[in-house]
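[1] coordinates only, sequence not included:
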């Protein structure tokens, strides 16, 4: 009986530590709402858009495209963790290496999120504001 109580106590401690670690990790992960809020704080106006077919990633949990007022686009991909994000960046670079488009992609990473800023050649965009939004997400 005593051994059973000790066993139960050990299980409770193990599971409670595992749960708190999961909660801690999930607090550090970013969501689509975090990204949109950071862009809005920098007064970057956007509307929903589709991600170009060549830039779709199956490995991300969630992806979204937005179109800026000047016609440029930003694609964001939310991954389960930072390791998956690193792999996602490799994947998107490989699958788009031969893609010819009017956009020039710039890649940004923050925690579990990958952003691709698709800027047009010769158009002044919100790159400075976007950098500030990314820095805020990294905190």
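    Right, received. Where do you want to start? Because the structure is a prediction, the values reported are computed rather than measured.
[2] can you give me the mean pLDDT across the helix or strand containing residue 133?
    Element membership of residue 133 [criterion: DSSP states H and E] is helix 127-138. What helix 127-138 shows for mean pLDDT is 76.
[3] Output the contacting helices and strands for that helix.
    Packing contacts for helix 127-138, counted by 3 or more C-beta pairs under 8 Å, 6 or more residues apart in numbering; DSSP states H and E, involve helix 32-41, strand 103-110, strand 113-120. In short, each C-beta sits where N, CA and C put it, glycine included.
[4] most neighbours per residue, which of the ones you listed?
    strand 113-120 (a mean of 22; mean count of other C-beta atoms under 10 Å).
[5] give me the number of residues near the closest residue to residue 62 other than its chain neighbours?
    For residue 62, ignoring the flanking residues on the chain, the nearest one in space by C-beta to C-beta, 6 or more residues apart in numbering is residue 78 at 4.3 Å. Other residues near residue 78 come to 22 when the count uses other C-beta atoms under 10 Å.
[6] I figured residue 78 was touching residue 59, is that so?
    No: if you go by C-beta atoms under 8 Å, residue 78 and residue 59 don't touch, sitting 11.0 Å apart.
[7] Identify all contacting residues around the helix holding residue 133.
    For helix 127-138, contacts defined as C-beta atoms under 8 Å, 6 or more residues apart in numbering pick out 30, 34-35, 38-39, 41-44, 74, 106, 108, 110-111, 113, 115, 117, 119.
[8] Can you tell me the closest non-neighbouring residue to the residue most central in space within the chain?
    Nearest to the geometric centre of the chain sits residue 113, at 1.7 Å (C-alpha atoms, centre = their mean). Closest residue in space to residue 113, ignoring its immediate chain neighbours: residue 30 at 4.7 Å, by C-beta to C-beta, 6+ apart.
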